[in-house]
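Q: when you get a sec, could you give me coordinates for this:
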Amino acid sequence: MKAMVLTGIRQMEMREVPDPVLSDPRDVKIKLLVLGICGSDIHYYVSGRIGSQVVSYPFTVGHESAGVVVETGKAVTRVKEGDIIAVEPAMWCGNCDQCLAGRHHTCRRLKFLGCPGQAEGALSEYIVMPENSCFPLPANLNPDHGAISEPLSIGLYSVKKAGDIRNSDIAILGYGPIGMSVMLAAKTRGAASINVTDKIESRLAIAEKEKASYTGNPLKNDIVQEILRSKPLGIDVVLECCGQQEAVDQACEILKPGGRLIIVGIPEFDSWKLDVDKTRRKEFTIQFIRRQLNCVDDSIRLMSEGTIDVSNMITHRFPFERTKEAFDLVNGYHDGVMKAMIYF
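A: Reported below is the predicted structural model:
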């Protein structure tokens with residue numbers, strides 16, 4: 001089969017690699033149909049690492065995917081050949097203290113598609129996954145929805161961890177695909193106002209289409225003063241979705257005392273800094289997000305019901321052989337890109 005592999009910093013090439021095979025009776029072989037490019041894929045492409053996870057070349061990235069089942073192990077009951085499925089990229093052991101506590105997203109022996117040292121990614125024609133990572137799509141959804149269910153489930157989980165946001169004023173700092181997923185989720189949970197910031201005007205335009213209460217570009221506006229002008233008591237919940245220190249600094253300014261800071265973004269640096277005076281005096285809560293937990297079914301259901309519409313998220317589509325072009329586009333934030341998809 002063909003796979004697109006990283007061969008160095010900002011380098012990738014198409015190679016012939018062996019087809020994956022079923023090794024467990026609960027395994028499922030999947031022919032990939034579509035893959036969404038994630039910010040973490042770009043980190044590996046341009047930096048070769050995220051924190052302690054360092055790429056050893058050659059390596060295949062990619063994890064936001066959907067495909068068709070072509071083979072199943074003897075013990076598989078969840079899906080059958082021919083099913084169009086969303087792929088949950090996490091593979092957990094089921095036996096460690098975290099899994100037994102219902103926290104399989106922090107499994108001690110977690111393997112994740114496209115994560116160095118764990119599992120090769122989904123930028124290939126076929127992958128094999130355990131059946132509990134396979135989610136059949138209803139007939140009114142297509143493979144695009146399946147791939148988008150991965151970032152959307154992170155948005156749903158992040159908003160869930162923010163607690164009850166009904167009638168709350170929230171801010172989303174960073175409006176890439178994860179920030180947009182957070183906004184789509186927040187709209188379903190009754191937020192009173194949703195304030196969005198980003199440095200890219202085309203993304204703010206999408207936020208306006210999604211009926212954001214406020215949009216602001218920190219490169220052009222004093223977003224702290226503008227938000228506090230309309231919400232002088234401060235914001236109830238801030239969701240940091242860009243992995244930037246300045247966004248956390250802004251969150252500390254706009255949060256009201258007793259507010260909640262949800263850190264969703266993945267930074268390229270190793271340590272966050274917090275203003276002791278503001279964080280201590282405001283006594284707000286900080287919650288870090290590790291992907292998602294049990295939210296894939298909800299993301300699929302909400303799209304199927306029409307409660308969540310992701311039609312404004314996908315902006316670019318590329319064939320498999322043009323994957324590098326797609327990665328360069330996403331890395332440079334060119335041409336108004338929000339989510340670029342690869343089609344096999």
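
Q: going forward, measure contacts between C-alpha atoms and count neighbours the same way
A: Will do.

Q: just the helices in the stretch 1-150 of the chain please.
A: Here the stretch 1-150 of the chain has its helices, by DSSP state H, counting those that start in this stretch, at 39-47, 97-100, 143-161.

Q: and the average pLDDT for the last one is what?
A: This means helix 143-161. For helix 143-161, mean pLDDT rounds to 98.

Q: ok, residues contacting it?
A: Helix 143-161 is contacted by residues 33-36, 64-67, 84-88, 137, 177-186, 262, 264, 287, 289, 291-293, 295-296, 298-300, 303, 310 when judged by CA atoms under 8 Å, 6 or more residues apart in numbering.

Q: buried stuff in stretch 102-117?
A: 103-116 (16 or more other CA atoms under 10 Å).

Q: ok, those residues vs residue 79, which is closest?
A: Closest to residue 79 out of these is residue 113 (19.6 Å), distances taken as CA to CA.

Q: what about that closest one, distance to residue 216?
A: As for residue 113, its distance to residue 216 is 35 Å (criterion: CA to CA, to the nearest Å).

Q: low-confidence ranges in the stretch 151-300 of the chain?
A: Regions of the stretch 151-300 of the chain meeting the criterion pLDDT under 70 are absent.

Q: for it, which segments count as strands?
A: 169-173, 193-197, 214-216, 235-240, 255-263, 285-288 (DSSP state E, counting those that start in this stretch).

Q: residues touching the second one, excluding its own?
A: Right, the one you point to is strand 193-197. 167-175, 183, 204, 207, 212-218, 223, 227.

Q: now do the fifth one
A: The contact list for strand 255-263 (CA under 8 Å, 6+ apart) reads 158, 161-162, 233-241, 243, 251, 281-289.

Q: quick one, what contacts residue 242?
A: Taking CA under 8 Å, 6+ apart as the test, what residue 242 contacts is 173, 174, 175, 176, 179, 264, 265, 266, 267.

Q: let's see 10 Å
A: Residue 242 sits next to 39, 172-179, 198, 248, 263-267 when contact means CA atoms under 10 Å, 6 or more residues apart in numbering.

Q: name the residues of stretch 258-270 that come out as buried.
A: Result for stretch 258-270 [16+ other CA under 10 Å]: buried residues 259, 260, 261, 262, 263, 264, 265, 266, 267.

Q: cool, and stretch 149-167?
A: For stretch 149-167, by 16+ other CA under 10 Å, it's 149-160, 162, 165.

Q: tabulate these (TSV), appending distance to residue 97.
A: TSV is the format used below for the buried residues of stretch 149-167 (distance: CA to CA, whole Å):
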residue	distance to residue 97
149	27
150	25
151	26
152	27
153	23
154	23
155	26
156	25
157	21
158	23
159	25
160	23
162	25
165	31
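
Q: I'd like to know how far the residue lying closest to residue 295 once chain neighbours are set aside sits from residue 45.
A: Once flanking residues are discounted, residue 295 sits nearest to residue 153: 5.1 Å by CA to CA, 6 or more residues apart in numbering. Residue 153 sits 24 Å away from residue 45, going by CA to CA.
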